[in-house]
Every structure is written in C-alpha cells, then in structure tokens.
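> Dropping a prediction and its sequence here:
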Amino acid sequence: MATPFLKFCDELRISTPAAVPDVVRRSFGSLVHESVLFLALGYDYWYNPADDKAQGLYQAFLMKGAPLELNLPATTNDNISALYFDPKLSVRKEATNQPVDLKMRAYGGICDGGVANYNLCTKALDAAADGFDPPTKAGIATGVKTGTAGTSGGTRATMVQCYADLRHWWSDADLTRIGLISR
C-alpha cells in the first residue's frame, strides 16, 4: 500500500535509486532542496532505518529552527512532534498489562533503540508529506523537472552547508548515494 510519503517520492522519482542524485542536484538549482533532501533521506530511512536517521529527520528538517526546516503548517508540526515525543505512549508486553522496561517508558517517540521508532517515524514522514499543500507539491515537482544540476558557486556552497548539517546522522555513503556528495 502506497502511503502519502511514498506516493510523493514516486512522483519525484526518489523511489528510483538511479534517478535520486539527479533529482537532488536539480533541487538545488531551483531552490527546493530542503524538501527534496527531506524526501530522499526520509525514503532512505524508510528502507534502511536507523535511530540516528530518525533523529536526523527531526532535528535537521522538522523541529522549529532546524537548519533545513520545512515550511509546514503549525498543525502538521504539532502532529509530527507528538509522534516523536508524545508522553502518553507506552509499551506493554503482549497479552498482559505489564509495562516493558525500556527507555520508551520515560517518554514515547524516538529514543535510542526504542521499539516504536520505525512505526512512529514513518507516520511522521506521512504527516509531513500530507502537510505539503497541492501548490507546494506542484512547485517542488516543477523545480525538480526544470532545475539545473549545475554546481555554480552558490549552489556548491549550499550543498556543502547541507552536507555539514546532515553528516551527523547520515554516513558519507548515504549522502553520496543521494547525490549530495560527488563521487
């Protein structure tokens, strides 16, 4: 079943590994790189999950004041924050009412090694994709189609800054695979 996030990735060809570097590079030329990087790295998380990547998606793109903060409605941001940090979430042993002694007990959402990370983070990715209104989605798609993949001084400097903002959570191999780093 295609979710809102995966559908948007399909529309932009982010789900086609060979196309991703070109899509990412074109996004810089048309100034939609924050959204495209979020989608490319979110897609990477979806199929290659890791706690660092889940933290990176939130801290680099979704939290208020993030270096690559997405322009999403406040209600969408509130929903995403609740998925990451809702204190009402708890984990219990199956068929019992006994709490499981995990880090998740202190608070829900994304914790190192938390059992619900993947489910909650993919729901947050879907919420973010739903938060892009139709004109914004169309603008991103147009930007990817019409953007140039050149590496002018300004574009190159922006790519270097994005690399610096993201390298804490994604490996150089991950960032090379999506086209942020040249081979």
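Now that the structure is in, tell me what you want to look at.
> wouldn't residue 26 be in contact with residue 142 here?
No - applying CB atoms under 8 Å, one finds residue 26 not in contact with residue 142, separated by 10.7 Å. In short, each C-beta sits where N, CA and C put it, glycine included.
> OK, contacts around the residue lying closest to residue 69 once chain neighbours are set aside?
Distances taken as CB to CB, 6 or more residues apart in numbering put residue 61 closest to residue 69, at 6.6 Å, once the chain neighbours are dropped. Going by CB atoms under 8 Å, 6 or more residues apart in numbering, residue 61 touches 34, 37-38, 41, 68-70, 128.
> the helices in the protein, which residues?
Remark: helices assigned in the chain by DSSP state H are 4-11, 20-29, 33-47, 51-57, 74-85, 117-131, 134-146, 153-166, 172-177.
> As JSON lines, these with mean neighbour count and mean pLDDT would be great.
JSON lines is the format used below for the helices of the chain (neighbours: other CB atoms under 10 Å; pLDDT from 0 to 100):
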{"stretch": "helix 4-11", "mean neighbour count": "18", "mean pLDDT": "95"}
{"stretch": "helix 20-29", "mean neighbour count": "22", "mean pLDDT": "91"}
{"stretch": "helix 33-47", "mean neighbour count": "23", "mean pLDDT": "95"}
{"stretch": "helix 51-57", "mean neighbour count": "21", "mean pLDDT": "88"}
{"stretch": "helix 74-85", "mean neighbour count": "17", "mean pLDDT": "86"}
{"stretch": "helix 117-131", "mean neighbour count": "21", "mean pLDDT": "88"}
{"stretch": "helix 134-146", "mean neighbour count": "15", "mean pLDDT": "91"}
{"stretch": "helix 153-166", "mean neighbour count": "14", "mean pLDDT": "86"}
{"stretch": "helix 172-177", "mean neighbour count": "16", "mean pLDDT": "93"}
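> what two of the contacts of residue 61 are the furthest from one another?
Pairwise distances across the contacts of residue 61 (CB to CB) peak at 14.2 Å, for the pair 41 and 69.
> circling back: any idea how far residue 16 is from the residue nearest to residue 69?
Residue 61 is 22 Å from residue 16, where distance means CB to CB, to the nearest Å.
> next one: residue 126
20 Å.
> Likewise for residue 162?
For residue 162, the distance to residue 16 - CB to CB - is 21 Å.
> Kindly report the same for residue 71.
Counting by CB to CB, the gap from residue 71 to residue 16 is 26 Å.
> higher neighbour count, these two?
Legend: neighbour count by other CB atoms under 10 Å for residue 71 and residue 16, higher for residue 16 (12 against 9).
> Which residues does stretch 37-49 contact?
By CB under 8 Å, 6+ apart, stretch 37-49 touches 5-6, 8-9, 12, 14-15, 20, 23-24, 27, 53-54, 56-57, 61, 68, 70, 117-118, 121-122, 125, 128-129, 162, 166, 170, 174, 177-178, 180.
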